[in-house]
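>>> Please work out how this folds:
(one chain, ligands or ions: 1)
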Amino acid sequence: MYKTHVCGELGTIHVGQPVTLAGWVHRRRDHGGVTFIDLRDRFGIVQIVTNPETSPEAHAAMIDVRNEWVIQVEGLVRRRPEGMENPSMSTGEVEVEVQKMHVLNMAKTPPFMINKEEDVDEATRLHYRYLDLRRDRMRNNLVMRHRAVKFIRDYLDQRGFVEIETPILFKTTPEGARDYLVPSRVYPGEFYALPQSPQQLKQMLMVAGIERYFQIARCFRDEDQRVDRQPEFTQLDLEMSFVYREDVMAIAEDLFTKLVAEIVPQKRLFASPFPRLTYREAMDRFGKDNPDLRFGMELKDITDLAGSSGFQVFETTAASGGHVRGVNAKGLGNYSRKQIDELTDFVKSFGAKGLAYLAITSEGEQRSTFAKFLPEDVSRKLIERFEAQPGDLLLFVADKPAIVFESLGRLRVFLAERLGLADPDVLAFCWIIDFPFVNWNEEERRWDPSHHLFTAPMPEDIPLLDIDPSKARGQQYDLVLNNYEVGGGSIRIHDRNLQEKVFKLIGLDPDVARERFGHMLEAFEYGTPPHGGIAPGIDRLCMIFAGERNIREVIAFPKNQAARDLMAGAPSPAEVIQLKELHIKLDL
Ligand code: ASP
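Numbers count the residues shown, from 1 in each chain. The predicted structure is shown next:
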């Protein structure tokens with residue numbers, strides 16, 4: 001046997017027992033002629049020590065070993081001498097007196113410390129990911145993720161869901177990103193597309209009568225990277241037949257409530273049941289449809305006051321159909337001009353032309369971009385609307401609605417972070433509902449689905465698709481957690497005519513629609529049940545559960561921010577012969 005016990009399990013009940021252990025040298029210390037080693041395996045750490053008199057060979061070998069060598073030891077568990085216990089280690093009351101030691105493998109000095117949490121450049125961590133994953137924090141993240149996924153599987157299994165794998169080599173499944181294409185060798189000039197999600201396939205499973213499906217599914221989207229994006233990521237993909245949106249939301253809410261209690265019991269839910277906000281309300285109050293509810297500083301609309309503010313920027317914006325909105329950054333009334341300039345630069349990076357302010361110093365004095373123009377009654381109304389007090393700083397953006405929401409919504413989050421307003425131990429789930437069914441894409445001059453092509457409009461809004469599509473709402477629901485969208489879903493279209501109508505509305509050429517989605521249209525003619533589902537992102541959820549700021553921290557082998565695998569070096573050029581077989585000529 002390589003090992004009779006794991007390092008982390010040893011305790012006083014094992015005292016006197018012979019054990020064989022195997023693992024990595026976590027740390028070694030020499031103390032007055034005695035060498036101590038902390039031996040580590042996946043399950044924990046135990047101290048081992050040699051006695052130069054009784055085991056001279058093992059003792060000599062101990063002196064040579066270095067951090068991260070892989071060794072096997074045979075020895076006896078004993079109580080540590082009085083006063084030498086280490087209460088911060090689960091095995092801290094015992095140690096193993098080694099009689100024999102075998103070096104199983106030596107190790108070069110690692111490029112960073114495994115036995116200590118230190119800041120290491122991410123590129124180095126990703127290059128040596130196998131070493132990075134030896135560190136406590138990363139191992140804990142992987143184990144937590146495993147437990148979360150196992151909980152989800154068990155939960156759904158108990159409720160009649162069937163886990164079904166769907167193909168990775170498929171046809172375009174659009175979710176608003178570019179496809180990754182795989183050239184077919186057998187059919188020159190033809191390509192598979194990697195699924196952006198199993199959306200169509202899970203709908204097909206509903207047509208197939210499965211009724212309750214799920215999958216821990218890998219999705220592929222070729223889009224620009226952001227902190228919470230990866231070219232491939234994992235979703236809990238779920239679909240149910242004969243359901244209303246309430247049914248899907250109820251099961252997801254119950255699943256996540258129980259998941260939190262099981263996996264991160266140290267965290268608290270902000271509210272249960274999860275609050276529900278309409279898309280409009282989320283935008284008006286928070287400037288974004290993935291709001292963080294853990295703190296206030298809500299946006300307030302002052303477009304009605306802007307016209308009589310005496311401030312030209314506000315007045316012209318209001319007169320031209322724009323919005324003027326603001327937030328109260330409580331306690332920042334003494335911010336200097338320079339500090340406010342920094343906030344101005346921040347909103348400018350989201351398209352705002354500027355940031356107007358009204359600061360009320362702790363002495364109650366007003367400083368402002370526009371106070372000198374401001375009539376007394378408007379000033380009073382402003383103060384009332386923001387419930388401003390001495391020491392507060394009111395910040396305003398006047399612009400097109402989209403820019404006002406984007407810049408102020410982000411400013412709110414930025415300030416909350418700076419002021420430490422969001423409790424890291426609170427999980428604020430909420431639902432966003434009543435999304436617009438389509439959004440106008442000015443660049444392409446067409447309607448884009450706000451969710452995806454297969455989402456059903458609200459039944460009562462179907463007539464609006466012909467009259468004013470901008471007013472129609474979709475049967476979409478998003479699950480949001482602390483400033484992140486962690487899952488989106490919808491009730492689907494299950495009627496061929498309506499699906500064709502939606503394809504037409506979003507400007508999909510009928511021939512292209514038939515080529516890409518003909519199988520769905522055809523399937524809809526063979527008794528398709530009403531159905532709907534949702535797909536929460538496993539990486540984002542685990543990132544938030546683990547208190548990490550980046551999904552790469554909960555993925556064993558992620559790509560870097562530039563979509564590269566730094567360990568293996570992917571992507572990489574293909575062999576000429578491979579390209580030839582695939583009938584590909586490079587045009588670089
Ligand atoms: N397929 C959707 C997505 O990936 C989720 C869903 O509608 O179930 O966002």
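
>>> pLDDT score for A546?
The model reports A546 with a pLDDT of 97.

>>> Return the residues in contact with it.
N140, N141, M144, E553, V554 (Cβ atoms under 8 Å, 6 or more residues apart in numbering). (Glycine included, C-beta is placed from N, CA and C.)

>>> which residue packs closest to it, ignoring adjacent ones?
Distances taken as Cβ to Cβ, 6 or more residues apart in numbering place N141 nearest to A546, at 5.0 Å, with adjacent residues excluded.

>>> Narrow the contacts of A546 to those that are buried.
N141, M144, E553, V554 (16 or more other Cβ atoms under 10 Å).

>>> Can you redo the residues you listed as CSV, where the extra columns are distance to R153 and secondary structure?
Output for the buried ones among the contacts of A546, formatted as CSV (distance: Cβ to Cβ, whole Å; DSSP: H, G, I helix; E, B strand; the rest coil):
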residue, distance to R153, secondary structure
N141, 19, helix
M144, 15, helix
E553, 23, helix
V554, 17, helix
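
>>> Around the closest residue to F295 other than its chain neighbours, how many other residues sit close by?
Closest residue to F295 apart from its sequence neighbours, by Cβ to Cβ, 6+ apart: L421 at 3.8 Å. Counted with other Cβ atoms under 10 Å, the neighbours of L421 add up to 16.

>>> And D289, by the same measure?
Residues lying near D289 (other Cβ under 10 Å) number 20.

>>> gap between the closest residue to the ligand within the stretch 251-400 of the chain and L238?
Residue of the stretch 251-400 of the chain nearest the ligand, by Cβ to the nearest ligand atom: A252 (10.4 Å). From A252 across to L238, the span is 8 Å (Cβ to Cβ, to the nearest Å).

>>> Might you report the residue contacts of the residue nearest to A546?
The neighbourhood of N141, defined by Cβ under 8 Å, 6+ apart, consists of C542, A546, E548, E553, V554.

>>> which among those gets closest to K150?
C542 (12.5 Å; Cβ to Cβ).

>>> quick one, phi psi at that closest one?
In this entry, C542 is assigned phi and psi values of phi -70, psi -40 (degrees, to the nearest 10).

>>> now C219
C219 has phi and psi values of phi -120, psi 150 when expressed as degrees, to the nearest 10.

>>> count of neighbours near the closest residue to it other than its chain neighbours?
Spatially, and ignoring its direct neighbours in sequence, C219 is nearest to S197 (4.8 Å; Cβ to Cβ, 6+ apart). The tally of other residues near S197 (other Cβ under 10 Å) stands at 23.

>>> how close does S197 sit to T172?
From S197 to T172 the distance is 11 Å (Cβ to Cβ).

>>> list residues touching both of these two?
Counting by Cβ under 8 Å, 6+ apart, S197 and T172 have no contacts in common.

>>> Which stretches in the stretch 451-588 of the chain count as strands?
476-481, 484-491, 531-536 (DSSP state E, counting those that start in this stretch).

>>> Tabulate those in a markdown table, adding columns for distance to A177.
Shown next, in a markdown table, are the strands of the stretch 451-588 of the chain (distance: least, Cβ to Cβ, whole Å):
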| stretch | distance to A177 |
| --- | --- |
| strand 476-481 | 17 |
| strand 484-491 | 14 |
| strand 531-536 | 14 |
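
>>> got JSON lines for these, with distance to the ligand and mean neighbour count too?
Below are the strands of the stretch 451-588 of the chain laid out as JSON lines (distance: least, Cβ to the nearest ligand atom, whole Å; neighbours: other Cβ atoms under 10 Å):
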{"stretch": "strand 476-481", "distance to the ligand": "8", "mean neighbour count": "25"}
{"stretch": "strand 484-491", "distance to the ligand": "4", "mean neighbour count": "22"}
{"stretch": "strand 531-536", "distance to the ligand": "3", "mean neighbour count": "25"}
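
>>> Which one, of those strands, ends up nearest to I168?
Using Cβ to Cβ, the nearest of the strands of the stretch 451-588 of the chain to I168 is strand 531-536, at 16.1 Å.

>>> Have a look at this protein and report its longest strand.
Under DSSP state E, the strand in the chain containing the largest number of residues is strand 18-31.
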